[in-house]
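S.K.: Following is a predicted model, sequence given first.
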Amino acid sequence: MPGRRVLRRQWASSEGWRDTKAGMWAWLLQRVAAVLLIAVIALHLKNPFVRPVQAALLGLVLLHGLLGVRAILLDFGLPVRWHRLLFTGAIAAGVVVFAVVWGLR
Amino acid sequence: MILKVFRWAPGAHERLQKYWIPAKEGMTVLDALVDAQRRLDPTLAFRYACRVGMCGSCAMVINGRERWACRTLQTLRRGTVTVRPLYHFPLIRDLVVDMAPIKEKMVAAGGAFVPGDGSPAFAPVGGESGERRRIDAAIECIGCGMCVSACTMVAHDPRFPGPAALNRLFTLQTDSRDAGHSARGAVMLSEDSLIRCHGQATCTAVCPMEISPTESILSLRRQAVARLFR
């Protein structure tokens, strides 16, 4: 109803974040990783041999990609009650793949 | 305990008012609000009816989470309890919001059963059928509004029907007796509807009836995509 007072969650307050759910963290992390990837890819193209940038690129690609796989699995019918498990699984898989790939370099 | 309550009335400035309430064993947040209203401030406005966790009318935001005040023990939340009205609904006064948008969005999205031509007045869906089980999981919504308050998309797109209305649509689109499936196709495929859900499942996390509007929305999405290829 236009003109009527409507309250929204205050994201600038600790109360607004107090009950942030796992699903929202998953969504937020994927978006933040996407934004950071733009900067990291630009840095990587400028000089591909900088180790910290390589590590950031690998980490962010894994984070963004695996959280995307989680979303696709839910879209294709995996039960929503598994979404927290899929979030944890995506992060764990990312850590393992990062450790293996970085260990092989 | 300290109860911090959102206070507002048309023409007045909003504030968080503190009430000191003597804590008692088994006291709920609703009990504390009633105590504050009876002993300290009769102008404090909030809504409740059954007081036993059935009607959903005492839904509010307690310490940042959508809850029913009558089901929330204050003893579990020591110290300060902050109470605000549900988000994304027009405020009437203090903790009371106008719940009309829930119905308006359901009507706008086509959330009414459409009987088919010549269908009998009473046509049950078999209790053992998969159709019945899918509908049963989503049909117990009592319109308390907590899912709408918890949804992060409702605030950004006023045309987004919201989790309650889309969950209602799911029950109708799954119902073989309903003749309005095609008519709702435009709503389902609109750019302000199913596609706007981010799948964060905040609606599902707060639903006291253990409904999963997220599951309903994802299922409707699959149905909508399938319709495109028919």
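M.R.: Nice, I can see it.

S.K.: helix, strand or coil for residue A:26?
M.R.: The three-state label for residue A:26, taken from DSSP: H, G, I helix; E, B strand; the rest coil, comes out as helix.

S.K.: same deal with residue B:17?
M.R.: Residue B:17 carries the three-state label strand when classified by three-state DSSP.

S.K.: Which residue, neighbours along the chain excluded, lies closest to it?
M.R.: Counting by Cβ to Cβ, 6 or more residues apart in numbering or on different chains, residue B:7 is the residue found nearest to residue B:17 once chain neighbours are left out, at 4.8 Å. Quick note: C-beta positions are derived from backbone N, CA and C, even for glycine.

S.K.: ok, what's across the strand from that neighbour?
M.R.: Assessed by DSSP bridges, residue B:7 has beta-bridge partners residue B:15.

S.K.: any idea how far residue B:44 is from it?
M.R.: As for residue B:7, its distance to residue B:44 is 7 Å (criterion: Cβ to Cβ, to the nearest Å).

S.K.: likewise residue B:8?
M.R.: 11 Å.

S.K.: Overlap in contacts, these two.
M.R.: When contacts are counted by Cβ atoms under 8 Å, 6 or more residues apart in numbering or on different chains, residue B:8 and residue B:44 are jointly contacted by residue B:94.

S.K.: Give me every residue in chain A lying close to chain B.
M.R.: By the rule Cβ under 8 Å from any Cβ of the partner chain, the part of chain A lying against chain B is A:1, A:4-9, A:15-19, A:21-24, A:26-27, A:71, A:74-77, A:79-81, A:83.

S.K.: tell me, what residue is most central in chain B?
M.R.: Centroid-nearest residue in chain B, with Cα atoms, centre = their mean: residue B:145, separated by 2.3 Å.

S.K.: who are the neighbours in contact with that one?
M.R.: With contacts taken as Cβ under 8 Å, 6+ apart, residue B:145 has the following neighbours: B:56, B:59, B:86, B:89, B:97, B:99, B:102, B:164.

S.K.: mind listing which of these are in helices?
M.R.: B:102, B:164 (DSSP state H).

S.K.: right, is the lengthiest helix in chain B up against chain A?
M.R.: Of all the segments assigned as helix in chain B under DSSP H, the longest by residue count is helix B:213-228. Yes: for helix B:213-228, a contact with chain A is found by Cβ under 8 Å from any Cβ, at B:214, B:215, B:218, B:219, B:221, B:222.

S.K.: Can you say which of these are buried?
M.R.: Buried members of these, scored by 16 or more other Cβ atoms under 10 Å in any protein chain shown, are B:214, B:215, B:218, B:219, B:221.

S.K.: out of everything not next to it in sequence, what's closest to the second one?
M.R.: So the one you mean is residue B:215. If you skip the residues right next to it in sequence, residue B:215 has residue A:80 as its closest partner in space, 4.5 Å away by Cβ to Cβ, 6+ apart.

S.K.: Surely the one you found and residue B:216 touch.
M.R.: No: the pair residue A:80 / residue B:216 is not scored as a contact, 9.3 Å apart, by Cβ atoms under 8 Å.

S.K.: ok, the closest residue to residue A:62 other than its chain neighbours - how many residues close by?
M.R.: Once flanking residues are discounted, residue A:62 sits nearest to residue A:94: 4.1 Å by Cβ to Cβ, 6+ apart. Using other Cβ atoms under 10 Å in any protein chain shown, residue A:94 has 20 neighbouring residues.

S.K.: Surely residue B:81 forms part of a strand?
M.R.: Yes: counting by three-state DSSP, residue B:81 is part of a strand.

S.K.: Show the contacting residues for it.
M.R.: By Cβ under 8 Å, 6+ apart, the contact set of residue B:81 is B:1, B:2, B:3, B:4, B:29, B:32, B:62, B:63, B:74.

S.K.: Check the gap between the fifth one and residue B:46 for me.
M.R.: In this structure, residue B:29 lies at 10 Å from residue B:46, with Cβ to Cβ as the measure.

S.K.: swap in the third one?
M.R.: Applying Cβ to Cβ, one obtains 11 Å for the distance of residue B:3 from residue B:46.

S.K.: what sits in contact with each of the two?
M.R.: Between them, residue B:3 and residue B:46 share the neighbouring residues residue B:33, with contact defined by Cβ under 8 Å, 6+ apart.

S.K.: Show me what the helix or strand bottoming out on mean pLDDT in chain A is packed up against.
M.R.: Across the helices and strands of chain A, mean confidence by mean pLDDT, DSSP states H and E is lowest for helix A:14-17: a mean of 83. Secondary-structure packing of helix A:14-17 (3 or more Cβ pairs under 8 Å, 6 or more residues apart in numbering or on different chains; DSSP states H and E): no helix or strand packs against it.
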